[in-house]
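*Asks:* The following comprises the amino acid sequence and a computationally predicted model.
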Amino acid sequence: MPRAREFACAVSCGCGKLIVVSEFCTCGAQLLPEARFCHKCGRPVREEPRAAEAPEEKPAAQPAPAAATAQEISFRDSTAVRVGFVAGVLAFVLGLLPSPFPVRALLLAAAGGFSVYLYGRRTGRSLTVGGGARIGWISGLFGFVIVMVLFTLNFALIAVLTRDIGMANFYRQQLSAMGMPPQHVEQVLEIFQSPVRLAGLLISIFVMFTGLLMAGGALGAKLLRRNEL
């Protein structure tokens, strides 16, 4: 019978486990001490203990993408520009309604809130209060530009048509026909005849459109975010 020998496995893997190895291979060759393979036929003398498998490392959690609410609203955002134009047209139409100033101010603010709602419907994103104010400002700017374009065209057309009777007399007749008191008619004519007063009127219209729509946009964004929570 072939003899066997025992030795510690500390040489091969350091685990200290005793294994039994024959002194002769099945091919008849005498094995060298602590040999792992037969030097004649290459047959493994013993099974090598498997090293402990390292535990799988879980991939690190990827940081969540930045929320869409932090996206900056500007003229580089084509959706914001389109929404601002639509809300600006709406604000211009609401500004033409014959209503007291407080009611008109609420309508303009509502147009700013509508711009936030429309932007959310088209993009699926919710806006912060700052984002709502920015898109409201863009809408107000479009509304003011529409007012300026129509005002300039109207002013130029009337200047051509009233070449004979004079622009002041034409405005006086039109405003009187609308039922405006004579003292108010003269105040309006003074504004049109004074470049400084006319500039002040245009600045006030700009502040009214952009300021009220900004406030409406900020308030609309706050209310919509509260409803989503």
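*Replies:* Everything's here; your move.
*Asks:* quick one, what contacts Ile73?
*Replies:* Neighbouring residues of Ile73 by CB atoms under 8 Å, 6 or more residues apart in numbering: 80, 119, 127, 131, 134-135, 138. Just so you know, the C-beta spots here come from the backbone N, C-alpha and C atoms, and that holds for glycine as well.
*Asks:* Can you classify it as helix, strand or coil?
*Replies:* coil (DSSP: H, G, I helix; E, B strand; the rest coil).
*Asks:* Distance check, it against Ala91.
*Replies:* The gap separating Ile73 from Ala91 is 17 Å, by CB to CB, to the nearest Å.
*Asks:* all helices in the protein, in order from the N-terminus.
*Replies:* 78-95, 101-123, 129-161, 167-177, 182-193, 195-228 (DSSP state H).
*Asks:* so which of these gets nearest Arg43?
*Replies:* Of all those, helix 101-123 sits nearest to Arg43, with 70.8 Å by CB to CB.
*Asks:* can you list contacts of the closest one?
*Replies:* By CB under 8 Å, 6+ apart, helix 101-123 touches 68, 73, 79-80, 82-84, 86-88, 90-91, 94-95, 97, 99, 125-127, 132, 135-136, 138-140, 143, 208-209, 212-221, 223-224.
*Asks:* quick one, domains of this structure?
*Replies:* 1-45, 72-228 (automatic domain parsing).
*Asks:* Switch the ones you listed over to TSV; also include mean pLDDT.
*Replies:* As requested, the domains of the chain are exported to TSV (pLDDT from 0 to 100):
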stretch	mean pLDDT
domain 1-45	59
domain 72-228	85
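*Asks:* which of these sits most buried?
*Replies:* Per residue and on average, the most neighbours among these fall to domain 72-228, with a mean of 17 (mean count of other CB atoms under 10 Å).
*Asks:* Now tabulate the helices of the chain in CSV and tack on distance to Thr26.
*Replies:* Formatted as CSV, the helices of the chain follow (distance: least, CB to CB, whole Å):
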stretch, distance to Thr26
helix 78-95, 79
helix 101-123, 76
helix 129-161, 81
helix 167-177, 120
helix 182-193, 116
helix 195-228, 77
